[in-house]
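Asker: for reference, the sequence and a predicted model appear below.
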Amino acid sequence: MRIVVLVKQVPDTAAQIQIKPDGSGIVEEGLKYILNPYDEFAVEEAVRLKEKISSSELFVLTVGLERTKEILRTCIAVGADQAVLILEEGEPLDPFSTAELLAKKIESLHPDLILSGKQAADDDMAYIGGAVAQRLNFPFVSVVTQVEILENGKKAKIKRQIEGGEEIIEVDLPCVLSAQKGLNEPRYPSLAGMMKAKKKEIEVIKAADLVPDIRKFARTKLERLQPVPVRPAGKILQGSPEKMVKDLVRFLKDEEKVI
Amino acid sequence: MTLPQQEIPKGGSFLIQETEPSSVFTPEDFTEDQKLIAQTARDFMNREAVPKLEQIESQNWEVILGLMRKAGELGLLSIDIPEEYGGLGLDKTSSMLISENMAKVGSFAVTHGGHTGIGTLPIVYFGTEEQKKKYLPKFATGEWISSYSLTEPDSGSDALSIKTSATLSQDGKTYLLNGSKSFLTNAGIADVYITFAKIDGEKMTGFIVEKGLSGIQLGKEEKKMGIKGSSTRTVILENVSVPAENVLGEIGKGHKIAFNILNMGRFKLGAGVIGGAKQVITDAAQYAKQRKQFQKAISEFGMIKEMLGEMGIRAFVGESMVYRTAGLIDRIAQKSDGKNPQISLSGIEEYAIECSIIKVYATEILSYVTDQAVQIFGGYGFMEEYPVARAYRDSRINRIFEGTNEINRLLMIGMLLKRGMEGKIPLLQAAQKAASELTEGSPPEESSDLFSHETWLLRNCKKLLLFAASLAFQKYGTQLEEEEELIERLSNMLMEIYAMESLILRVKKRLEKQKDKIELYSALVNCFLNDTILRMEVLGKQVFAAVSEGDMLRIALTALRKWLKHNPVNTIPLRRKIADAIIESGVYCF
């Protein structure tokens, strides 16, 4: 079975994110980057399937910068066989173009199964899985919490969470699945795994060599980022209960004008 | 790690020569691999050990052994084990980084350290091929746990006085061991005891004793002040028959194993306790930020800032000393590309003085830091449900085990003098030179370079110690070792010198490469140097008063004044600046 996992490098979810003054992006200096936590579930599931199904091969694929190799090494350290970086140095691509690049590369890998996180922890767009499936004309199942491969890899039985219950779906392979928290408990790399990952060659393809003039595919454009407005401080009334009630009524009537 | 190829300094030579910032290893030089290793250890602790804190502290051995095996799976038990025996055979810096991160749960750090350090290394360094093949792969996975068994009820610091006996059987195939061993870390969970006994009442020898041999009896779990989630028990050996092939190292050379392994243990402990100190600083900073009194976070109060600032300074200094030394040992080990453990053993032997310094200085830093952390937590600091009470209790043993801080103080001065007398380092010449400058006058103070005044002071502190030590030696000769109070003061001076130098070199090296936060890092140097010079002055005066009188005393005190000439710095705003950096980030942030 050939499995491809789509991964993304995102800022550490514990980091304090600062928006650049002009709103064009975030301040990257001193920021730590990690493998998108939802992608960890996808990678782990793929490694488990690989361990279960003999002669499987596991690819991890990402679009990013030189530094994005770090997360690919993490994936190799936990069990991925091959890693591919589609290198695009300039401004970040819009999701539409990213999906275009990923789909193009996936075609050449002839996978039976594609996994990704249900969304990236940085932009929460939850777009890539579906968009890639559409381009490849594969079925797509999102927010997956259990995967079982059936009929010698022709179909899969999928559990997904829905409001108040679980949905069980049978889907034809090849397909695209997006991983939800709870799918599994991701392992983390052993030191021996990391040593192995260090020696492993990562395939790097320039975006332009894969899809010429990739930016013309863009359909969305980041206008600007802005911080959430700060909530004004609350007001604490003081004094005797009679006085506080009077003050409260006056406040609601005269200042807030809600009664 | 890449350091410029140059002559590797001799152990103890920091006292008599100057060191270039570019030649020292600092935490800023960690390689990507080393950072990943640290991250793995950190993840392991946060995800696996911290959630099981309660079970660890209540001695749930199943959980503790489970954690050890998980650590084994991740490679956290195999850094020091060569690859051919199932280990990773990595550098000492990596090993230190793991120790540092284990400190988050003091009890588990002791279980881990007792196994990977003093439990495993005797076989790595002194085992036969067969012994290595038999034990090391199992130690690497955590399938077997090891325990180091030297101390006896009547033989603690005086390790050579052990009474446990080993008698060769008539057929020459086994040794019969008799005696009792106390305070064995990991005793209750161990599969193997690295045991020291005397053959024919005099030849101290190491033995690998396997659990389950008849005649081994374990005492009850000791009720301890701290590190409660680690196993500490007595082991009684009664006619235990140990196969002759389980003799570890040469017969009669057991002391060599014992002392070298202790050196290594000291050095690892240094990294561990600095890790502990950094964690406690983070805990204290977080608490001080959210605890409000008089409508203000207590982190805004000057005395709290003073504490946090000083805690940060000391941890930074300790960290600088630990990794400088790790770098030295790794440079010796590098010559063999990590393949030959004997070479890294010779590195540890070479830097035995530095290992002792780190053990004492770093454990005393931790004591200071945990004590202040309890103070910052106030009444809650006294309550077991907050993390610092445990840290405070756990910290106390560090000043006692792996050679008490008193023994290590004696050792560092003893070894220094010995190396001088053996001509390994030109100590005598340096002392004579210092004495000659009493009358000649010191070289003028430079001014243009960064920390030129501090570097000048450091140089003079070395002269001060050399001169003080030579006066002490003149007065007492070889009887000096009986003058423990004097040696204690000399050792304190020696440690302060290593501390100041490691700090200055690290900050200089950092600022040569990175220009940001110059003020913050300069504050660390200026604050620590200012206070240390005051301590050096007191120590110097005490020693001079003890070893000289009349004209000689007057000359010595004049020299001291000249050497330590320093206008006091207003350290209040400097310490505030350091504290603010810690408070703002909410962690130990250097």
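Answerer: Done, it's in.

Asker: can you map out the helices along the stretch 1-150 of chain A?
Answerer: For the stretch 1-150 of chain A, the helices defined by DSSP state H, counting those that start in this stretch occupy A:37-52, A:69-78, A:95-109, A:128-136.

Asker: between those, which gets nearest to chain B?
Answerer: helix A:69-78 (8.4 Å; Cβ to the nearest Cβ). From N, CA and C alone the C-beta is placed, and that goes for glycine too.

Asker: leaving out chain neighbours, which residue sits closest to the residue in chain A positioned nearest to chain B?
Answerer: Among the residues of chain A, A:L191 lies closest to chain B, at 3.0 Å counting by Cβ to the nearest Cβ. Excluding its sequence neighbours, the residue lying closest to A:L191 (Cβ to Cβ, 6 or more residues apart in numbering or on different chains) is B:G75, at 3.0 Å.

Asker: residues in contact with that neighbour?
Answerer: A:190-192, B:40, B:88 (Cβ atoms under 8 Å, 6 or more residues apart in numbering or on different chains).

Asker: list the contacts of the residue of chain A closest to chain B.
Answerer: A:L191 touches B:37, B:40, B:74-76, B:78-79, B:88, B:90, counting by Cβ under 8 Å, 6+ apart.

Asker: what's the neighbour count on B:T404?
Answerer: When neighbours are counted by other Cβ atoms under 10 Å in any protein chain shown, B:T404 registers 15.

Asker: cool, the one 3 residues further on as well?
Answerer: B:I407 is flanked by 19 other residues according to other Cβ under 10 Å.

Asker: which element is it on?
Answerer: Assigned by DSSP states H and E, B:I407 falls within helix B:405-421.

Asker: can you name every helix or strand that that helix contacts?
Answerer: The helices and strands touching helix B:405-421, judged by 3 or more Cβ pairs under 8 Å, 6 or more residues apart in numbering or on different chains; DSSP states H and E, are helix B:352-377, helix B:427-440, helix B:452-476, helix B:484-513.

Asker: what's the least confident stretch among the ones you listed?
Answerer: When these are compared on mean pLDDT, helix B:427-440 scores lowest, with a mean of 85.

Asker: that helix vs helix B:405-421, what angle?
Answerer: 90 degrees (axes from the mean of the first three to the mean of the last three Cα atoms, to 10 degrees).

Asker: please enumerate the strands of the stretch 101-250 of chain A.
Answerer: Secondary structure of the stretch 101-250 of chain A, counting by DSSP state E, counting those that start in this stretch: strands at A:113-117, A:140-150, A:155-162, A:165-172, A:175-179, A:203-206.

Asker: make CSV out of the contacts of B:G75 and add distance to A:E88 and pLDDT.
Answerer: Listed next are the contacts of B:G75 as CSV, based on distance: Cβ to Cβ, whole Å; pLDDT from 0 to 100:
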residue, distance to A:E88, pLDDT
A:S190, 31, 90
A:L191, 32, 90
A:A192, 32, 88
B:T40, 30, 91
B:L88, 36, 91
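
Asker: which of the residues you listed fall within helices?
Answerer: A:191-192, B:40 (DSSP state H).

Asker: burial count for A:A14?
Answerer: If we define neighbours as other Cβ under 10 Å, then A:A14 has 7 of them.

Asker: whoops, B:N567 was the one
Answerer: For B:N567, using other Cβ under 10 Å, the count is 6.

Asker: so how far is B:R69 from the closest residue to chain A within chain B?
Answerer: With Cβ to the nearest Cβ, the shortest gap between chain B and chain A falls at B:G75, namely 3.0 Å. B:G75 is 12 Å from B:R69, where distance means Cβ to Cβ, to the nearest Å.

Asker: burial of B:N526, as a residue count?
Answerer: Neighbour tally, B:N526, other Cβ under 10 Å: 18.

Asker: so which strand or helix has it?
Answerer: Element membership of B:N526 [criterion: DSSP H and E] is helix B:518-547.

Asker: the following helix or strand past that helix packs against which elements?
Answerer: Later in the chain than helix B:518-547, the nearest helix or strand by DSSP H and E is helix B:550-563. The contact analysis (3+ Cβ pairs under 8 Å, 6+ apart) places helix B:550-563 against helix B:427-440, helix B:452-476, helix B:518-547.

Asker: okay, those helices in CSV with distance to B:T128 next?
Answerer: Putting those into CSV (distance: least, Cβ to Cβ, whole Å) gives the following:
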stretch, distance to B:T128
helix B:427-440, 38
helix B:452-476, 42
helix B:518-547, 47
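
Asker: so which of the ones you listed is the most packed in?
Answerer: Mean neighbour count (mean count of other Cβ atoms under 10 Å in any protein chain shown) peaks for helix B:452-476 among those, with a mean of 21.

Asker: list phi and psi for B:I208.
Answerer: phi -100, psi 110 (degrees, to the nearest 10).

Asker: I figured it hits B:E130, correct?
Answerer: No. Under the criterion of Cβ atoms under 8 Å, B:I208 makes no contact with B:E130, lying 10.7 Å away.

Asker: by mean pLDDT, point me to the weakest helix or strand of chain B.
Answerer: helix B:341-350 (a mean of 80; mean pLDDT, DSSP states H and E).

Asker: and the angle from it to helix B:405-421?
Answerer: Compare the direction of helix B:341-350 with that of helix B:405-421 by the same axes, to 10 degrees and you get 100 degrees.

Asker: flag every buried residue along the longest helix along chain B.
Answerer: Longest helix in chain B, counting residues (DSSP H): helix B:254-290. Residues B:254-285, B:287-289 are the ones in helix B:254-290 that count as buried (16 or more other Cβ atoms under 10 Å in any protein chain shown).

Asker: still on that earlier bit, for B:K104, find the nearest of the helices and strands packed on helix B:550-563.
Answerer: For these, proximity to B:K104 was assessed by Cβ to Cβ; helix B:518-547 is nearest, at 24.2 Å.

Asker: pull the number of nearby residues for A:G90.
Answerer: 9.

Asker: phi, psi for it please.
Answerer: Dihedral angles for A:G90 - degrees, to the nearest 10 - are phi -60, psi -150.

Asker: one more: B:I216?
Answerer: phi -90, psi 130.

Asker: can you pull the residues of chain B lying near chain A?
Answerer: Counting by Cβ under 8 Å from any Cβ of the partner chain, chain B comes close to chain A at B:33, B:36-37, B:40, B:43-44, B:47, B:73-76, B:78-79, B:88, B:90.

Asker: 10 Å - rerun?
Answerer: Residues of chain B lying near chain A by Cβ under 10 Å from any Cβ of the partner chain: B:32-33, B:36-37, B:39-41, B:43-44, B:47-48, B:72-79, B:83, B:86-88, B:90, B:94, B:98, B:516, B:585.

Asker: please indicate which of these are buried?
Answerer: The neighbour-count criterion (16+ other Cβ under 10 Å) marks B:33, B:36-37, B:39-41, B:44, B:48, B:72-79, B:86-88, B:90, B:94, B:98 among the residues of chain B next to chain A as buried.

Asker: distance of B:L160 from B:T185?
Answerer: 21 Å.

Asker: looking at these two, which one has more neighbours?
Answerer: B:T185 (26 against 12).

Asker: what's the nearest residue to the more buried one if we skip its chain neighbours?
Answerer: Closest to B:T185 by Cβ to Cβ, 6+ apart is B:G114, at 3.6 Å.

Asker: ok, now which ones touch that neighbour?
Answerer: B:120, B:145-148, B:184-187, B:189-190, B:230-232, B:265, B:401 (Cβ atoms under 10 Å, 6 or more residues apart in numbering or on different chains).
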